[in-house]
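Chemist: heads up, no residue letters with this:
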């Protein structure tokens, strides 16, 4: 067992009983699950032998940090009309984002790193119930629904549309909320030919961590375990199918 120096022990005893320090002196930072019976004074998650990740005081289970919510994005076109003319481009974008963010869980998806899940399927909850779940389960990620709305973004777009707290988080409501984000990313400009495909894709990647930007990585790569879940090549190929410039026969990046 390693020995804690007398000077260090004396300093630590000022705030922690010495008998506890002596019992844990072999490992002030022990590996294991949070709150484990044999954990050290400051527990860190166990890493596999071949792991390339660096231990962090703020990393918990499932690669989700205790403070795992990523920062909310700044809308590229904040004043864009939140109302979209529905078309095949919107349907393709929704499907692509769903594939990158929620996959087969779709509208019922809850971020896998959330230790405390929603008490019932998200589409059966009201917005008020979802916000209550967020408030009552701090220290975990809360991305939710087909489009994996994070709390700050969800609150903002709900307020922007004026949706009542007692409204159900239904597929239709989730689609309406996602349409706001598509408009803010520049869909109106993209449709009009005033915003190139790559610029639009990079704006989308700032909203949805599962989408890559032009570097091929998520805009939030490594933040609380985030990484792109589809390749840039696939993203670009899908976007080319709805690019007005490509459809018109003269691709503009």
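Modeler: Happy to help now that I have it. From a predicted model like this one, the values you see are computed outputs, not experimental measurements.
Chemist: Neighbours of the closest residue to residue 181 other than its chain neighbours, how many?
Modeler: What sits nearest to residue 181 in space, not counting adjacent residues and going by CB to CB, 6 or more residues apart in numbering, is residue 207, at 5.3 Å. C-beta: built from backbone N, CA, C; applies to glycine. In terms of burial, residue 207 registers 23 neighbours under the definition other CB atoms under 10 Å.
Chemist: how far away is residue 207 from residue 226?
Modeler: For residue 207, the distance to residue 226 equals 12 Å [CB to CB, to the nearest Å].
Chemist: Point out where the chain drops to low pLDDT.
Modeler: Flagging of the chain using pLDDT under 70 yields the residue ranges 1-70, 250-253.
Chemist: In it, mark out all the helices, start to finish.
Modeler: Using DSSP state H, the helices of the chain run over 6-13, 18-24, 88-101, 127-136, 151-161, 171-185, 187-191, 197-207, 232-240, 244-247.
Chemist: Format these as JSON lines; extra columns: distance to residue 79.
Modeler: Listed next are these as JSON lines, based on distance: least, CB to CB, whole Å:
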{"stretch": "helix 6-13", "distance to residue 79": "55"}
{"stretch": "helix 18-24", "distance to residue 79": "56"}
{"stretch": "helix 88-101", "distance to residue 79": "20"}
{"stretch": "helix 127-136", "distance to residue 79": "24"}
{"stretch": "helix 151-161", "distance to residue 79": "11"}
{"stretch": "helix 171-185", "distance to residue 79": "9"}
{"stretch": "helix 187-191", "distance to residue 79": "11"}
{"stretch": "helix 197-207", "distance to residue 79": "15"}
{"stretch": "helix 232-240", "distance to residue 79": "24"}
{"stretch": "helix 244-247", "distance to residue 79": "22"}
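Chemist: Out of those, which is closest to residue 213?
Modeler: Of all these, the one in closest proximity to residue 213, counting by CB to CB, is helix 197-207 (4.0 Å).
Chemist: Measure how that closest one sits relative to helix 171-185, angle-wise.
Modeler: Using axes from the mean of the first three to the mean of the last three CA atoms, to 10 degrees, the inter-axis angle of helix 197-207 relative to helix 171-185 is 130 degrees.
Chemist: Going by neighbour count, list what's buried in helix 197-207.
Modeler: 197, 199-207 (16 or more other CB atoms under 10 Å).
Chemist: Now for the nearest residue to residue 114 once chain neighbours are set aside, how many residues are close by?
Modeler: Leaving aside its sequence neighbours, residue 114 sits nearest to residue 140 (CB to CB, 6+ apart; 4.9 Å). Residues lying near residue 140 (other CB under 10 Å) number 21.
Chemist: coming back round to it: of all the helices of the chain, which lies closest to residue 73?
Modeler: Of all those, helix 197-207 sits nearest to residue 73, with 4.5 Å by CB to CB.
Chemist: how much does the closest one deviate in direction from helix 232-240?
Modeler: Using the same axes, to 10 degrees: helix 197-207 against helix 232-240 is 110 degrees.
Chemist: so what does helix 197-207 touch, helix or strand wise?
Modeler: Helix 197-207 sits against helix 171-185, helix 187-191, helix 232-240, with contacts defined as 3 or more CB pairs under 8 Å, 6 or more residues apart in numbering; DSSP states H and E.
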